[in-house]
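Undergrad: Need the 3D shape of this:
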Amino acid sequence: MRHRRHRNSRIDLLLEHRELLRARGHPLWVISAWHPEAARDLTDTSSALILDDGIYDFHTAFTQALPPFLASWISDGRDEEAVPVLSLLVTVNTSVRWALNNGVWAFGASSYADLVRKSADYTLDGIAGQITAPALVMDGENDQFLKGEPQKVRQALSSADATLVTLTIAEGAGEHTHAGAVSRAHQVMFDWLDTTLAR
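TA: Take a look at the predicted model:
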């Protein structure tokens, strides 16, 4: 089976079909950070939101993982210096290799540096406080990519009844996206939906 490359396919789908965001009474499961255009449609229209894992600012998550000089080069557009360093990093670290290669594919970026710059559009800053639907924010205790982001989301959802659930290493669900224990993550999500939608 061949996979077609889609730039931001989930976001593109939601932007093309905004009625999916506005459909009252339907829960929405979000697996990644929101593009501001899509996030603005999330006020009180959904009956419930599941943010798995909760990402407040995708760009900050990227840049905090980089040495400051490298983040500066990327910000300044010095790709001729930044890309070789990033290319070297992917040869020695499998997590970095996955994050950058998957990110380039998912975002339709032209390079690793372009990916980091494109991630700046994915933030809940200035938007999270407008979301009023009940929200479940999922967190992995040992998430190596997005440490601290779910807590920022929970705090920023000031107008919503938001619940932060941290799945643990002891449960086998403490890794990024709860890899290895998706059934445990689903149990938490569906239990929360049962309670929330019954109100």
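Undergrad: Disregarding residues adjacent in the polypeptide, which is nearest to residue 87?
TA: Once flanking residues are discounted, residue 87 sits nearest to residue 112: 7.1 Å by C-beta to C-beta, 6 or more residues apart in numbering. Where you see a C-beta, it was placed from the backbone N, CA and C, and this is true even at glycine.
Undergrad: pLDDT wise, what is the one you found at?
TA: We have a pLDDT of 97 for residue 112.
Undergrad: which one is residue 143 nearest to, not counting chain neighbours?
TA: Residue 143's closest residue in space is residue 176 (C-beta to C-beta, 6+ apart), at 4.7 Å.
Undergrad: any idea how far that neighbour is from residue 77?
TA: Distance, residue 176 to residue 77, by C-beta to C-beta, to the nearest Å: 29 Å.
Undergrad: Of those two, give the one with the bigger neighbour count.
TA: More crowded of residue 176 and residue 77, by other C-beta atoms under 10 Å: residue 176, with 16 against 11.
Undergrad: Wait, that one touches residue 53, no?
TA: Yes. Under the criterion of C-beta atoms under 8 Å, residue 176 makes contact with residue 53 at 7.1 Å.
Undergrad: any residues in contact with both of the two?
TA: 140, 143, 146 (C-beta atoms under 8 Å, 6 or more residues apart in numbering).
Undergrad: shouldn't the second one be in contact with residue 53?
TA: Yes. Using C-beta under 8 Å as the test, residue 143 is close enough to residue 53 to be in contact (6.2 Å).
Undergrad: shared neighbours of the two, anything?
TA: Joint contacts of residue 143 and residue 53 (C-beta under 8 Å, 6+ apart) are residue 176.
Undergrad: ranges for the helices of the protein?
TA: Assigned by DSSP state H, the helices in the chain fall at 9-16, 19-22, 36-39, 58-64, 68-75, 79-92, 94-107, 112-118, 149-156, 182-197.
Undergrad: Could I have the CA atoms of the longest one written out in CSV?
TA: Taking Å, rounded to 0.1, in the frame of the first residue of the first chain, the C-alpha atoms of helix 182-197 are listed here in CSV:
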residue,chain,number,x,y,z
VAL,A,182,-2.8,2.4,24.2
SER,A,183,-5.6,0.2,25.7
ARG,A,184,-5.0,1.9,29.1
ALA,A,185,-5.1,5.3,27.5
HIS,A,186,-8.4,4.4,25.7
GLN,A,187,-9.8,3.2,29.0
VAL,A,188,-9.1,6.6,30.6
MET,A,189,-10.5,8.4,27.6
PHE,A,190,-13.8,6.4,27.4
ASP,A,191,-14.4,6.5,31.1
TRP,A,192,-13.9,10.2,31.1
LEU,A,193,-16.3,10.6,28.1
ASP,A,194,-18.9,8.4,29.8
THR,A,195,-18.9,10.7,32.8
THR,A,196,-18.6,13.9,30.9
LEU,A,197,-21.2,13.3,28.3
